[in-house]
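1. Structure of the sequence below:
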Amino acid sequence: MLSFRFAPSGKHCASGSHDKDIFLWEVYGDCVNYGVLKGHKQAVLDIAWSPDSEHIWSCSADKLVMLWDAETGKRIKKMPGHSSFVNTVCTTRQGIALGASGSDDGVIKIWDPRVRGAVSTLPDLYQVTAVQFADDGDRVFTGGLDNEIKIWDLRKEEVALSMVGHTDTVTGLRISPDGNTLLSNGMDNTLRIWDTRPFCEGSRCKMVFSGHMHNFEKQLIRCAWSPTGDRVAAGSADKMVYVWDAKTGQVQYKLPGHKACVNDVDFHPLEPIIGSGSSDKSIFLGEIEAS
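-> Predicted structure coming up:
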């Protein structure tokens, strides 16, 4: 299991894996697998739900980005253009539903499903392993093999700011619920919170979390915010799910159960539940105390 996400509605969740398929699951009851999205020809590396829970974006080692109807399971659009593995995909949280993707070809592409081809192509010098839209829709955050987090101005199609602090590849990025800060995970075994507002006093790196780990497998381990923004979480190569207090930096939970590296985590949007996907081919839903 390489990617796991709850739908914003909270009713469903989705997972992407080495088996090239995207599985759709009921969250409540018996957690029934109610759909399988088939079309990618290699491992599904990342997925993202649209804000209305009606569509799913996916990207794969087959160099493609795809858009799916989450209810019917039909593929709406296939988006070629990258020349190597597409590691990461995300969508806007409000306004027009655009997609962004980052690839081993060192390119970030912005997609509008209504238009043929990418609407913007942003060239970087290194492989891109994480991408995330800002809430204003005019900026996109990226992380990659150069250890930097870049803020791109989409109107000018250039880097407006670079944030330095990680000492190894950035593997995951998630924007906070209020849109003001960015969470990043890196192969340097740190999770960081960054102030992404245009004007910021002092260092943009506001908090550093530790405890979790990467290992020789060098998986793209993702991270997540709780809906209230008071907790953050990440998977770990030690088979645990880590949950921290976002204000104090203290580890609140180390959730066991998985038998291999935990690659992705996500908080349920409505319930005190955290979901995790692992290389052991399983998904766990764990209940935590309400915050």
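2. Identify the bridge partners of the closest residue to residue 283 other than its chain neighbours.
-> By the measure of Cβ to Cβ, 6 or more residues apart in numbering, the closest residue to residue 283 outside its immediate chain neighbours is residue 277, 5.3 Å from it. Glycine gets a C-beta too; all of them are placed from N, C-alpha and C. Beta-bridge pairing for residue 277 (DSSP bridges): residue 264, residue 283.
3. Return the distance of residue 277 relative to residue 16.
-> 8 Å (Cβ to Cβ, to the nearest Å).
4. Between those two, which contacts overlap?
-> Contact criterion Cβ atoms under 8 Å, 6 or more residues apart in numbering; residues shared by residue 277 and residue 16: 1-4.
5. so which of those residues is the most crowded?
-> Neighbour counts for these, by other Cβ atoms under 10 Å, peak at residue 4, which reaches 28 neighbours.
6. my guess is it meets residue 268, correct?
-> No. With contact defined as Cβ atoms under 8 Å, residue 4 does not reach residue 268; the gap is 11.5 Å.
7. where do the contact lists of those two overlap?
-> Joint contacts of residue 4 and residue 268 (Cβ under 8 Å, 6+ apart) are residue 275.
8. residue ranges with poor pLDDT in the stretch 1-150 of the chain?
-> For the stretch 1-150 of the chain, no stretch is flagged by pLDDT under 70.
9. that older thread, ok, so of the shared contacts of residue 277 and residue 16, who is nearest residue 259?
-> Nearest to residue 259 out of the shared contacts of residue 277 and residue 16 is residue 1 (Cβ to Cβ; 11.7 Å).
10. any idea how far the residue nearest to the closest one when sequence neighbours are not counted is from residue 17?
-> Spatial nearest neighbour of residue 1, chain neighbours left out: residue 277 (3.4 Å); criterion: Cβ to Cβ, 6+ apart. In this structure, residue 277 and residue 17 are 8 Å apart, going by Cβ to Cβ.
11. shared neighbours of the two, which are they?
-> Common contacts of residue 277 and residue 17 (Cβ under 8 Å, 6+ apart): 1-3.
12. now, among these, which is nearest to residue 226?
-> Nearest to residue 226 among these, with distances taken as Cβ to Cβ, is residue 3, at 18.9 Å.
13. Number of residues surrounding the closest residue to residue 278 other than its chain neighbours?
-> Spatially, and ignoring its direct neighbours in sequence, residue 278 is nearest to residue 258 (4.1 Å; Cβ to Cβ, 6+ apart). By other Cβ under 10 Å, the residues close to residue 258 number 23.
14. Now do residue 258 against residue 244, distance only.
-> Where residue 244 is concerned, residue 258 sits at a distance of 18 Å (Cβ to Cβ).
15. can you pull the contacts of the residue nearest to residue 1?
-> Contacts of residue 277 (Cβ under 8 Å, 6+ apart): 1-4, 15, 17, 235, 262-265, 283.
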